[in-house]
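J.: using only what follows, build the 3D model:
(4 chains)
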Number of protein chains: 2
Amino acid sequence: MTAKGRPRAFDRDAALERAMQVFWKKGYESASMADLTAAMEINAPSLYAAFGSKADLFKEAVELYSDKVGKRIKGSLPNAATAKEGIADFLMQTAISHTSPDQPHGCMVVLGALHGNDSSDTPCSLLRERRLDNVTLLRARLERGVREGEIAASVDLQQVAEFYVTVQHGMSITARDGATLEQLTKTARAAMAAWDGLISE
Amino acid sequence: MTAKGRPRAFDRDAALERAMQVFWKKGYESASMADLTAAMEINAPSLYAAFGSKADLFKEAVELYSDKVGKRIKGSLPNAATAKEGIADFLMQTAISHTSPDQPHGCMVVLGALHGNDSSDTPCSLLRERRLDNVTLLRARLERGVREGEIAASVDLQQVAEFYVTVQHGMSITARDGATLEQLTKTARAAMAAWDGLISE
DNA sequence: TGCATTATGTATCGATCATTACATAAAAGG
DNA sequence: CCTTTTATGTAATGATCGATACATAATGCA
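T.: Here you go, the predicted model:
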């Protein structure tokens, strides 16, 4: 079944990619409709017809970001042989992504919308939930480490997960402030220096 | 010499304090003039006459924040007997401040203006410089630790300073996401677990 | 060839943004 | 008293915000 009416004259995926870049660089609130339509090379009515609203577009942009950028970072966790190696690579991939020269520095999920109101279904709460999901993701990898004998059952896994996610959050700010890959790599390694102390409790 | 014209009908310091609270909670861009004048209980012309502009008011609010909130945190560094204790208290005071129930969670300098343009003399660059100053501050305390024999001269002090500042940055995000004092305290202790590994290089 | 449907471009909507004109009010100095 | 100076409240400025009305263009289907 083909479309009934006049066909869309632009590539929806490419336009969404452009929009993600704008939101990533400027954040939800600072990214104006004028910024978005200019980058997407479409007019406002086309944007609304294809994506619904600015907030809806942002939601799709965040999903694209998770699929495209976040997946490489989060993939470190299940792929590594140990939880320690997984988290080390998790931070290392974060350092690489956050200083990539062809991308805005820092994480879109961390920096994208910090000051929206606290109601649900806002860009702010959407990102907050994504960040909290990351804690759960790290914790799950740590739990696997416990099951596989790498980590003692007495260790406070929530604390460890929150620590490393907090480091990752901080890397977004530091990256925006101009840190290089070398600097963030050292920070990632510094965080891993705490590992032995954290799992020997 | 007293004032010549009609005296100001409001307390400038109290109004600035209110403005700081608004900027702290909402950030520079999300804090509208309507928000500010409502909280300060003055009209826009009074605000402009007393503070110049929204950006100037923000600058003064940041200075007030540094003097009032930041001073307690940064004071940890020179007061402690060792660099290790100083940084540990630095993170601990950060955890306390960032979860204080009568304050917005997280740091105004970290969260206050992330997405302004990169030109100079903007709220965004103003805060970035403040954050970079914090790295210098930690590094200076570490250098003192070297002079006093606490830390070997071969240690990469810049790396250590950047790591702990990055953790502090992350604590602002985590605090905004709802972390408790207990959680942030654990994160601060976790960061200190890396200390021995960092200064034995 | 019409008809229904969807997309596009232009032009604009009311709301809100930071900022300010303007008339008035309250003080000091003459 | 009068003048000068500064502050205040009201109301408005042009600019920009996100979102749309509307006429037109391009498709599938009858």
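
J.: from now on I want contacts and neighbour counts done on CA atoms only, so please keep to that.
T.: Will do.

J.: and stretch A:109-129, which residues are buried?
T.: A:109-115, A:122-128 (16 or more other CA atoms under 10 Å in any protein chain shown).

J.: cool, stretch A:42-54 as well?
T.: Applying 16+ other CA under 10 Å to stretch A:42-54 flags A:A44, A:L47, A:F51, A:K54 as buried.

J.: after the longest helix anywhere in chain A comes which helix or strand?
T.: Determined from DSSP state H, the single longest helix within chain A is helix A:123-147. Per DSSP states H and E, helix A:123-147 leads on to helix A:157-176 as the next helix or strand towards the C-terminus.

J.: now do that following helix against helix B:123-147, angle only.
T.: Here helix A:157-176 runs at an angle of 110 degrees relative to helix B:123-147 (axes from the mean of the first three to the mean of the last three CA atoms, to 10 degrees).

J.: list of residues touching helix A:157-176?
T.: A:87, A:91, A:94-95, A:98-99, A:105-107, A:110-111, A:134-136, A:138-139, A:142-143, A:184, A:191, A:198, B:110, B:166-171, B:173-174, B:183, B:186-187, B:190-191 (CA atoms under 8 Å, 6 or more residues apart in numbering or on different chains).

J.: mind redoing it with 6 Å?
T.: With contact meaning CA atoms under 6 Å, 6 or more residues apart in numbering or on different chains, helix A:157-176 is reached by A:H105, A:G106, A:C107, A:V135, A:L138, A:R139, B:T166, B:V167, B:H169, B:G170, B:M171, B:T187.

J.: most neighbours out of the residues you listed, which is it?
T.: Counting neighbours by other CA atoms under 10 Å in any protein chain shown, B:M171 leads the contacts of helix A:157-176 with 34 neighbours.

J.: among the buried residues of stretch A:109-129, which one sits closest to B:K59?
T.: A:H115 (18.8 Å; CA to CA).

J.: just the helices from chain A, written as ranges.
T.: Using DSSP H, the helices of chain A run over residues A:12-26, A:33-40, A:44-51, A:54-65, A:71-74, A:76-79, A:83-98, A:108-111, A:123-147, A:157-176, A:181-192, A:195-199.

J.: quick check: residues of chain A near chain B?
T.: A:K26, A:H115, A:F163, A:T166, A:V167, A:H169, A:G170, A:M171, A:T187, A:A193, A:A194, A:G197 (CA under 6 Å from any CA of the partner chain).

J.: residue contacts, the second one?
T.: If a contact means CA under 6 Å, 6+ apart, then A:H115 has B:K26 as its contacts.

J.: just want the phi and psi numbers for whichever residue of chain A sits closest to DNA strand C.
T.: With CA to the nearest atom of the strand, the shortest gap between chain A and DNA strand C falls at A:G5, namely 3.1 Å. Backbone geometry at A:G5, expressed as degrees, to the nearest 10, gives phi -90, psi -150.

J.: before we move on, the earlier item: give me the subset of the buried residues of stretch A:42-54 touching DNA strand C.
T.: A:A44, A:L47 (CA under 7 Å from any atom of the strand).

J.: need the buried residues of stretch A:42-54 in JSON lines with distance to B:A15 and pLDDT, can you?
T.: As requested, those are arranged in JSON lines below (distance: CA to CA, whole Å; pLDDT from 0 to 100):
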{"residue": "A:A44", "distance to B:A15": "41", "pLDDT": "98"}
{"residue": "A:L47", "distance to B:A15": "42", "pLDDT": "98"}
{"residue": "A:F51", "distance to B:A15": "43", "pLDDT": "98"}
{"residue": "A:K54", "distance to B:A15": "35", "pLDDT": "98"}
